[in-house]
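In: please work out how this folds:
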Amino acid sequence: MTSVPKSGEAPMLEVDGLGKVYGGGGQAVHAIDEISFTVARSEFLCVVGPSGCGKTTLLRCLSGLMPATSGHVRVDGRQVDRTPEDMAIVFQDYSRSLFPWMSVEQNVAFPLRRKKLDKKKRQSLIDDSLKAVGLADASRRYPWQLSGGMQQRVAIARALAYEPQILLMDEPFASLDAQTRADLEDLTLELRHDYGVTVVFVTHDIDEAVYLADRVIALTPRPTRVRGIIEVDLPRPRDQLTTKELPEFAHLRGHVYREVRQLGQDSVDANTPAS
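Out: Coordinates of the predicted model:
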């Protein structure tokens, strides 16, 4: 799946001069200064930056869950003022995003109530999405009966069943163990290829960003701006061993790390009194 748009093709996501300010007057907090970028159809974009720089705030503004103070966000050419019908979101805290009193199948079905689907189509979407994440045999179980990794698979299945054109993921694997995290990274790449969905993925993990992305956007400390955009031209399909052993992977990881490390140093310098 290529991230290069066809000639003349409009991007799936356009962010133009996006800004976010909390509060007002002397208490105003400038979370996002001014951010502009585009995301091609079927592209996998990762967003990295220092802690507290506003990555989650950015994602919430992109999704319409939080109104921006300035600028515009467009999905498939349409202005975003609330969560678009063709967008799905996977959050970090899977334990809070699933309803514990609902079965796996009921959790996946829940957002489909917004769509006018006949019973056969609805069940087909549920079955196909659970099969895609390897949970076809767990439909009647409850979230509290599943491991953390399986719960996050349910959250991903719920997003897929909604048939989104664009998927926003906010550090979805941050609280999982290393092996489960690697497995879900590979699952996400597979699903992105199979479904052709556009993905915007926020992460603190530089290795994860380089492994997954077509491009990585590095953000500055608050008030957040785009520090740099790094093209990731590693071959696909990717593999946890083969890809990460490539010299090109190490080079790109170092490039992104230097960007993020410099961002952190910028933050320290900005708060260090002059001699």
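In: mind telling me what element Q179 is part of?
Out: Q179 belongs to helix 178-195 when assigned by DSSP states H and E.
In: can you report how many residues lie near the nearest residue to C61 once chain neighbours are set aside?
Out: Counting by C-beta to C-beta, 6 or more residues apart in numbering, A68 is the residue found nearest to C61 once chain neighbours are left out, at 4.6 Å. Just so you know, the C-beta spots here come from the backbone N, C-alpha and C atoms, and that holds for glycine as well. Residues within reach of A68, counting by other C-beta atoms under 10 Å, total 23.
In: hang on, the earlier thing: return the set of buried residues in the helix holding Q179.
Out: 180-189, 191-192, 195 (16 or more other C-beta atoms under 10 Å).
In: who are the packing partners of that helix?
Out: Packing partners of helix 178-195 (3 or more C-beta pairs under 8 Å, 6 or more residues apart in numbering; DSSP states H and E): helix 148-161, strand 198-202, helix 206-212.
In: could you rerun that using 6 Å?
Out: The helices and strands touching helix 178-195, judged by 3 or more C-beta pairs under 6 Å, 6 or more residues apart in numbering; DSSP states H and E, number zero.
In: strand 198-202 and that one, what's the angle between them?
Out: 160 degrees (axes from the mean of the first three to the mean of the last three C-alpha atoms, to 10 degrees).
In: how far off centre is the host helix or strand of I35?
Out: Element membership of I35, judged by DSSP H and E, is strand 29-39. Mean-position distance between strand 29-39 and its chain equals 16 Å (C-alpha atoms, centre = their mean, to the nearest Å).
In: and it, average pLDDT?
Out: Per-residue pLDDT over strand 29-39 has a mean of 91.
In: immediately after it, which helix or strand?
Out: Sequence order places strand 44-48 as the next helix or strand after strand 29-39, per DSSP H and E.
In: who does V75 bridge with?
Out: Here V75 shows beta-bridge partners L13, R78, assigned using DSSP bridges.
In: what's the burial count for it?
Out: For V75, using other C-beta under 10 Å, the count is 23.
In: thought it was touching P84?
Out: Yes. With contact defined as C-beta atoms under 6 Å, V75 and P84 form a contacting pair (4.9 Å).
In: give me the common contacts of the two.
Out: With C-beta atoms under 6 Å, 6 or more residues apart in numbering applied, the contact sets of V75 and P84 do not overlap.
In: may I see the buried residues of stretch 121-141?
Out: Buried, per 16+ other C-beta under 10 Å, within stretch 121-141: R122, L125, I126, S129, L130, A132, V133, L135, A138, S139.
In: so the fourth one: helix, strand or coil?
Out: Three states are possible here, and by DSSP: H, G, I helix; E, B strand; the rest coil the one that applies to S129 is helix.
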